[in-house]
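J.: Below is the sequence, then the predicted model.
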Amino acid sequence: MAVFQFSVVHDDSWSGIENGGWNFVPANHVLDGVCAGRGGKSMWQFPPRISRRFFSELGTLLTAVILLFQGVWALIPATPGEQTRRAIASVRESISDIRSSSPSTPVRLYVDYLLPLSPATSDADIDPWPGGLAQMYPYAEDVLRDILAGVVDDSHRGTCSSTVISSPDCCGFLVQESPASPELDVAALLFPGPDQLSKIREIEGMVGDRRTLIVFNRQYTRPEDFGFFGKDEARGMMDRYKWGYAFQEIACRGEDVKLTFERSSGWQASVIDENGRELDIMDPSWDVCVRPTYKALEDRINSVLPEPLWMRKMGEVQEKGFKFQRKG
């Protein structure tokens with residue numbers, strides 16, 4: 001399975017690099033009922049009576065059919081557009097499941113979205129985001145608008161309100177209102193960190209128990225991140241949230257590990273090897289409702305790939321020579 005690197009370009013389209021060639025994917029404005037061409041001019045438009053949800057689910061279905069026809073089902077999204085569609089589908093399913101199983105429980109969800117690289121990023125850059133969260137913010141906000149518009153039926157990303165609640169911490173608050181009912185509104189906190197604990201509490205009260213609140217790309221992972229005096233309150237707050245969608249990448253034993261969570265399949269783990277292949281490293285005994293620990297991943301990698309990456313690379317050099325010595 002080929003590995004993609006993503007970048008967002010200024011005409012609102014996504015591009016991916018696969019094996020040195022370009023694979024162009026049109027802008028994911030199907031969710032808005034409009035496919036925008038270069039310069040923002042409309043190329044075609046769906047009749048308004050056709051719902052956004054239909055096309056979102058159709059896109060996911062077509063992707064699945066193509067991959068199954070090829071005999072491949074990717075654990076990780078191949079394009080940003082696919083990641084967005086999968087995030088929308090998983091969040092929608094999470095909301096539906098929580099409301100049907102426990103109607104009185106407020107819907108509180110985490111979403112971890114792997115942002116595509118900035119178009120200004122080059123291979124020589126040590127840090128792809130030298131501007132930190134401030135540089136990421138407009139890209140993340142744009143993605144989050146698409147997700148919220150896909151989650152709320154009959155809504156449009158242009159009607160999504162956005163407010164910066166902390167400029168120094170680059171934290172924002174977005175609300176996508178539902179034309180059908182206020183209870184179907186979906187709100188989202190973008191990049192909240194430990195310093196926003198009081199704001200999170202305030203916003204949870206404002207959103208209420210009937211509306212959905214999403215925490216998008218949080219900047220904390222455990223109650224201790226909130227400090228000695230805030231960790232107890234933070235623990236209670238974090239216990240209220242469930243995973244709605246996740247696409248994460250970590251380094252484990254020197255390997256490039258991708259973790260995904262979708263409501264339909266739970267947590268999945270894969271390794272991208274030195275040849276760009278996607279290797280499923282899930283242990284059948286693992287509980288897919290629980291994110292695999294670093295130790296569990298390390299043990300599993302040692303079982304699936306006994307030789308570390310550096311050793312495999314040395315074997316490749318002995319067999320083929322250094323890259324600059326190889327012909328063609």
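T.: Great, that's in hand.
J.: how about the helices in the stretch 151-300 of the chain?
T.: 197-207, 231-239, 294-304 (DSSP state H, counting those that start in this stretch).
J.: Those helices: which one's closest to residue 92?
T.: helix 197-207 (17.9 Å; Cβ to Cβ). Where you see a C-beta, it was placed from the backbone N, CA and C, and this is true even at glycine.
J.: Figure out which of the helices of the stretch 151-300 of the chain is closest to residue 106.
T.: Of all the helices of the stretch 151-300 of the chain, it is helix 197-207 that lies closest to residue 106, at 7.8 Å by Cβ to Cβ.
J.: Tell me the gap between that closest one and the middle of its chain.
T.: 24 Å (Cα atoms, centre = their mean, to the nearest Å).
J.: which helices and strands sit right next to that helix?
T.: Other helices and strands packing on helix 197-207, by 3 or more Cβ pairs under 8 Å, 6 or more residues apart in numbering; DSSP states H and E, are strand 161-166, strand 186-190, strand 212-216, helix 231-239.
J.: can you give me the angle that helix makes with strand 161-166?
T.: Helix 197-207 and strand 161-166 are oriented at 150 degrees to each other (axes from the mean of the first three to the mean of the last three Cα atoms, to 10 degrees).
J.: shaky segments in the stretch 51-200 of the chain?
T.: Scanning the stretch 51-200 of the chain for pLDDT under 70 picks out the ranges 51-73.
J.: which ones are touching residue 175?
T.: Residue 175 makes contacts with 160-161, 185-188, as judged by Cβ atoms under 8 Å, 6 or more residues apart in numbering.
J.: Spatially, which two of those are the most separated?
T.: Pairwise distances across the contacts of residue 175 (Cβ to Cβ) peak at 11.7 Å, for the pair 161 and 186.
J.: When the two are compared, which one has more neighbours?
T.: Between residue 161 and residue 186, counted using other Cβ atoms under 10 Å, the more crowded position is residue 186 (26 against 10).
J.: how close does that one get to residue 139?
T.: Using Cβ to Cβ, to the nearest Å, we find residue 186 at a distance of 20 Å from residue 139.
J.: got it, and residue 88?
T.: With Cβ to Cβ as the criterion, residue 88 and residue 139 are 17 Å apart.
J.: Neighbour count for the two, which is higher?
T.: The residue with more neighbours, out of residue 88 and residue 139, is residue 88; 26 against 17, by other Cβ under 10 Å.
J.: Doesn't that one lie inside a helix?
T.: Yes: assessed with DSSP: H, G, I helix; E, B strand; the rest coil, residue 88 lies in a helix.
J.: correct me, but it touches residue 150?
T.: Yes: counting by Cβ atoms under 8 Å, residue 150 is a contact partner of residue 88 at 3.6 Å.
J.: How about stretch 86-101, which residues are buried there?
T.: 86-92, 94-95, 98 (16 or more other Cβ atoms under 10 Å).
J.: can I get those in JSON lines with distance to residue 104?
T.: Below are the buried residues of stretch 86-101 laid out as JSON lines (distance: Cβ to Cβ, whole Å):
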{"residue": "86", "distance to residue 104": "29"}
{"residue": "87", "distance to residue 104": "26"}
{"residue": "88", "distance to residue 104": "25"}
{"residue": "89", "distance to residue 104": "25"}
{"residue": "90", "distance to residue 104": "23"}
{"residue": "91", "distance to residue 104": "20"}
{"residue": "92", "distance to residue 104": "20"}
{"residue": "94", "distance to residue 104": "17"}
{"residue": "95", "distance to residue 104": "15"}
{"residue": "98", "distance to residue 104": "10"}
